[in-house]
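Trainee: Have a look; sequence and predicted model below, questions after that.
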Amino acid sequence: MLLLGTTVILSCNKTSTDPVTCPYTESTLVAPAAEIAVVQAYVNTNAPTAVQHSSGIFYEVTSAGTGTVTPGLCSYLTVKYTGKLFNNTIFDQNLFGTTFQLGNLIIGWQKGIPQIKKGGTIRLFVPPSLGYGASGSGTSVPPNAYLIFEIQLIDVQ
């Protein structure tokens, strides 16, 4: 049984396009112009060096990292992060390191994380449609929230 679990994990690597081993597909969702305008106004004041991604997120690479692997949707990422609303209220944080599969995360992370390598740090500015949308997330992220994530990419597998 252990061998089967190891095979499944190892078979889902960054270059896999086989839907059996990597069930995720790249999102083509682009944030609406009105949401992009709100993020643009925010970054103009608070992060003027942020770059706009074609999806509508903005990002600031603090450190590109030194790894050789570009994270893909089936990559397992170990990260330290802080999630905030645009009013700087922290809604989620992990400063010890936690592991996620990129394809299981919000589109903002799926688009932003591949901009860095292992050891890198990035700040993402995420419009609602590429975050938690009209539903929000629990009691800590209201519906249609604009989000900021500060992420340190510890490892990519």
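Mentor: All right, it came through fine. Residues are numbered from 1 along each chain as shown.
Trainee: so who does the nearest residue to S137 once chain neighbours are set aside touch?
Mentor: Distances taken as CB to CB, 6 or more residues apart in numbering put F91 closest to S137, at 7.7 Å, once the chain neighbours are dropped. For every residue, glycine as well, the C-beta is placed using N, CA and C. F91 is in contact with G83, K84, L85, S137, S140, V141, counting by CB atoms under 8 Å, 6 or more residues apart in numbering.
Trainee: I'd assumed F91 was in a strand, is it?
Mentor: Yes: counting by DSSP: H, G, I helix; E, B strand; the rest coil, F91 falls inside a strand.
Trainee: on that earlier part again, hmm, which two among the contacts of F91 are most spread apart?
Mentor: K84 and S137 (13.2 Å; CB to CB).
Trainee: any idea how far V39 is from I113?
Mentor: 18 Å (CB to CB, to the nearest Å).
Trainee: Actually, H53.
Mentor: As for H53, its distance to I113 is 11 Å (criterion: CB to CB).
Trainee: Point to the helix or strand of this structure where mean pLDDT is at its lowest.
Mentor: Least confident helix or strand of the chain, by mean pLDDT, DSSP states H and E, is helix 2-11 with a mean of 34.
Trainee: before we move on, the earlier item: out of H53 and I113, which sits in the busier spot?
Mentor: Neighbour totals were compared for H53 and I113, and I113 leads with 27 against 19 (other CB atoms under 10 Å).
Trainee: before we move on, the earlier item: quick one: name whatever helix or strand follows the least confident helix or strand of the chain.
Mentor: Sequence order places helix 33-46 as the next helix or strand after helix 2-11, per DSSP states H and E.
Trainee: Which residues outside the next helix or strand after that following helix are in contact with it?
Mentor: Next helix or strand after helix 33-46 toward the C-terminus (DSSP H and E): strand 51-52. Residues outside strand 51-52 that contact it (CB under 8 Å, 6+ apart): I36, Q40, F58, Y59, E60, V61.
Trainee: same question, stretch 136-148
Mentor: The contact list for stretch 136-148 (CB under 8 Å, 6+ apart) reads 35, 38-39, 42, 83-86, 91-92, 108, 123-128, 131-135.
Trainee: Quick check: end-to-end length of that stretch?
Mentor: Taking CA to CA, to the nearest Å, stretch 136-148 runs 14 Å from one end to the other.
Trainee: Quick check: buried residues in that stretch?
Mentor: G136, S137, V141, A145, Y146, L147, I148 (16 or more other CB atoms under 10 Å).
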